[in-house]
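Participant: Curious how this folds, go ahead:
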Amino acid sequence: MTERWRLVLDGPCEGVWNMAVDRAIQRAQGAGLVPPTIRLYRWSRPTISLGKFQNANAVDWEACEEFGVDVVRRFTGGRGVLHDDELTYSIVASISDGVPRGTSASYRHLCAALVAAYRRLGVQAELTERHRGSASSPACYLHATKADLSVDGAKLAGSAQTWLGDTVLQHGSLTVSRDVEREAAVFGLDDAGREALESVTWTFAQAGVALPSESEFVSEVSDAMAGALGVSLVLASITPGELDDARTLQADVQVKRPGRD
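Facilitator: Okay, here's the model as predicted:
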């Protein structure tokens, strides 16, 4: 019998809420209160999500204010990501749901769902074969790891994970378009960094890939992910308990500009 997972679809939300909800789902699923969940969502304004351990000085705060970019902190690791014109996914599941134990194995397992989504949309994505790029850059898209997806040498998508007991949260982005000038500015990149960012990243718009309507885009992605993971998805909302937990967790993902109270 095919395992039934929950599908949560959210429209544009503020960054603190998006990150808090992902963590609340993980906590609830780890406690056995909700089924494994795939969540697809958007962002209400451009937002940088810093990795859990990333220094808040990794961004240019004056540029963020100039461009109207929010800054939040993820519960997952990695480098900063500027979220804007994208569809973001999160997957929350446990060892008992078929996720293999260990970072590398679980990334390969869950990223297969992301590969399937891209291929459903006509993009021959594949897992990155080797680490490349600048390991010191604060910007995620200037560094590719074996947990990322690539096409023709360009980085398609990065994913980040965090484990809570036997339950993993993995999230990442399907980027439709990006403003490289703004992205370089908010991460304080010099001209060389901006040029590198422009040359190594990939978007649907840049590649000229025509996407379907919003509802069809979401449907194609969710169907492909379900097929790759061998599960069926049931559309549902997050529970009142998850909502309450997310409201509390917002304080943990808010980031203040250094030097300001």
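Participant: Report the separation between the closest residue to Ser177 other than its chain neighbours and Thr175.
Facilitator: Nearest residue to Ser177 in three dimensions, chain neighbours excluded: Ala205, at 3.8 Å (Cβ to Cβ, 6 or more residues apart in numbering). Every residue, glycine included, has its C-beta placed from N, CA and C. According to Cβ to Cβ, to the nearest Å, Ala205 and Thr175 sit 9 Å apart.
Participant: Which one of these two is surrounded by more residues?
Facilitator: Thr175 (25 against 14; other Cβ atoms under 10 Å).
Participant: What's opposite the more buried one in the beta bridge?
Facilitator: On the basis of DSSP bridges, Thr175 is bridged to Glu86.
Participant: list the contacts for it?
Facilitator: Shown in contact with Thr175 (Cβ atoms under 8 Å, 6 or more residues apart in numbering): 85-86, 156-157, 201-204.
Participant: Among those, which one lies nearest to Ile95?
Facilitator: Ala157 (24.3 Å; Cβ to Cβ).
Participant: quick one: Thr47 and Glu198, what's the gap?
Facilitator: 21 Å.
Participant: Please apply the same query to Tyr41.
Facilitator: Distance from Tyr41 to Glu198, by Cβ to Cβ: 27 Å.
Participant: So which of the two has more stuff around it?
Facilitator: Tyr41 (22 against 14).
Participant: And the next helix or strand past the helix or strand harbouring that one?
Facilitator: If you go by DSSP states H and E, Tyr41 is part of strand 37-43. Sequence-wise, the next helix or strand downstream of strand 37-43 (DSSP H and E) is strand 47-50.
Participant: That following strand pairs with which strands?
Facilitator: Applying DSSP bridges, strand 47-50 is found paired with strand 70-73 (parallel), strand 81-83 (antiparallel).
Participant: For those strands, please prepare CSV with the additional fields mean neighbour count.
Facilitator: As requested, the strands paired with strand 47-50 are arranged in CSV below (neighbours: other Cβ atoms under 10 Å):
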stretch, mean neighbour count
strand 70-73, 21
strand 81-83, 25
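Participant: Please produce a markdown table containing the ones you listed, extended by distance to Ser106 and mean pLDDT.
Facilitator: Below are the strands paired with strand 47-50 laid out as a markdown table (distance: least, Cβ to Cβ, whole Å; pLDDT from 0 to 100):
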| stretch | distance to Ser106 | mean pLDDT |
| --- | --- | --- |
| strand 70-73 | 22 | 98 |
| strand 81-83 | 20 | 95 |
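Participant: can you put the ones you listed in JSON lines and add distance to Ala192?
Facilitator: Supplementary listing: those in JSON lines, determined by distance: least, Cβ to Cβ, whole Å:
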{"stretch": "strand 70-73", "distance to Ala192": "24"}
{"stretch": "strand 81-83", "distance to Ala192": "19"}
